[in-house]
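> need a 3D model of the following:
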Amino acid sequence: MPVTVKIPVPLQRITEGKEEVTGEPGTIIALINSLDKQYPGLAERISEDGKLRRFVNVYVNEEDVRFMKNEETEVKDGDEISIVPAIAGGR
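Predicted structure coming up:
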């Protein structure tokens, strides 16, 4: 069973309009780099120099990877990954 990755609307143009894509188990950064081969340009919007970008939140089964091992967090078959760009604003 593959890993399911939920893609936010701003990145769906890169994934050919797909809201979800699938990848192989491993680390978060390996998954992102692997998906970039299928969807060129995806990795550069999520990571930089092998690290997750500061304003991109990534969750594994609703658990924030920042409280785990960040980009080195392991994902396994059946896990659900959510990529959530941080939104700033207000008054």
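> can you give me the strands in this structure?
Listed in chain order, the strands of the chain (DSSP state E) span 3-6, 20-23, 26-27, 47-48, 51-52, 56-60, 63-64, 74-75, 80-85.
> from the contact counts, what lies against the fifth one?
Just to be clear, that refers to strand 51-52. Based on contacts counted as 3 or more CB pairs under 8 Å, 6 or more residues apart in numbering; DSSP states H and E, the elements that strand 51-52 packs against are helix 28-38. Just so you know, the C-beta spots here come from the backbone N, C-alpha and C atoms, and that holds for glycine as well.
> check the last one too.
Helices and strands touching strand 80-85, by 3+ CB pairs under 8 Å, 6+ apart, are strand 3-6, strand 56-60.
> just to revisit the earlier point, can you say which of the strands of the chain is nearest to Asp36?
Of all the strands of the chain, strand 47-48 sits nearest to Asp36, with 8.9 Å by CB to CB.
> distance from the chain centre to that closest one, please.
From the chain centre to the centre of strand 47-48 is a distance of 11 Å (CA atoms, centre = their mean, to the nearest Å).
> so in that sheet, which strands flank it, and in what orientation?
Under the criterion DSSP bridges, strand 47-48 sits next to strand 51-52 (antiparallel) in its sheet.
> so how far is the strand it pairs with off the chain centroid?
Relative to the centre of its chain, strand 51-52 is centred 10 Å away, using CA atoms, centre = their mean.
> for stretch 48-68, same thing?
Its chain's C-alpha centre lies 8 Å from the corresponding centre of stretch 48-68 when counted by CA atoms, centre = their mean.
> for that stretch, buried residues please.
Leu52, Val56, Asn57, Val58, Tyr59, Val60, Val65 (16 or more other CB atoms under 10 Å).
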